[in-house]
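1. Using only what follows, build the 3D model:
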Amino acid sequence: MDSHRHRCKWACGNKLLRDYHDVEWGRPVKDSRLLWEMLVLESFQAGLSWNTVLQKRENFRRAFAKFDPKKVALFTEQDVQNLLQDAGIIRSRLKIEATVQNARAYLHMQAQGEDFAVFAWHMAERDYVKAPFPHLLAQTTASQNFSRELKKRGFCFVGPVTVYAWMQAAGMINGHEPDCFRYHACN
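-> Down below sits the predicted model:
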């Protein structure tokens, strides 16, 4: 990746952040399972730096069965205890338990005939209002409504700030700074 291009300020810290920004962040994701993985990772990021999550992403994939919701939904208290001892991930009981619950909520939606990606994009488009500087916001009315709908479906640890960050990462909202080289490509 070209290190001389103008990027969003958060992406200038190191090569890992630059590569994530340039290749993944803000590109529309329509795959349900991948959207769920991204939501889980955003939940783990809450209160921490995104760089920390990126550094541990492969460890998360290993620890959470490659983010297979069917497998994660079956995690037991012993699995949670084991994960709390895993130095390769962020060891937060609340976030680990939320991941298990969110896998169950994801599967419940699926069992009810509700596709997670269709639901997510419908929610993002339903309440979307183009803000003049979306990269400066921490949450919006859309992310507040989206958070509420996720919670109604049994998801937890999905507050409006986490949901807004997820919406940006998954390309539901263009959060790139206007002078970032990725801004127009993601518009």
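2. Ramachandran angles for His21?
-> Dihedral angles phi and psi of His21 (degrees, to the nearest 10) take the values phi -60, psi -50.
3. Same question for Phe44.
-> phi -70, psi -30.
4. before we move on, what about Arg182?
-> According to degrees, to the nearest 10, Arg182 has phi -90, psi -10.
5. ok, how many other residues are close to the nearest residue to it once chain neighbours are set aside?
-> What sits nearest to Arg182 in space, not counting adjacent residues and going by Cβ to Cβ, 6 or more residues apart in numbering, is His176, at 4.9 Å. Bear in mind the C-beta positions are built from the backbone N, C-alpha and C, glycine included. For His176, the count of nearby residues is 23 (other Cβ atoms under 10 Å).
6. isn't His176 right up against Cys186?
-> Yes - when contacts are counted by Cβ atoms under 8 Å, His176 is listed as touching Cys186 (5.6 Å).
7. got any residues that touch both of those two?
-> Shared contacts of His176 and Cys186, defined by Cβ atoms under 8 Å, 6 or more residues apart in numbering, comprise Gly26.
8. Might you list the low-confidence residue ranges for this structure?
-> Scanning the chain for pLDDT under 70 picks out 1-4, 126-139.
9. which helix is the longest one in it?
-> Counting residues, the longest helix found in the chain (DSSP state H) is helix 93-111.
10. right, and the helix or strand after that helix?
-> Under the assignment DSSP states H and E, the closest C-terminal helix or strand after helix 93-111 is helix 116-126.
11. quick one: buried residues of that following helix?
-> Of all the residues in helix 116-126, those buried under the rule 16 or more other Cβ atoms under 10 Å are Phe116, Ala117, Phe119, Ala120, Trp121, Met123, Ala124.
12. That concludes my questions; thank you for your assistance.
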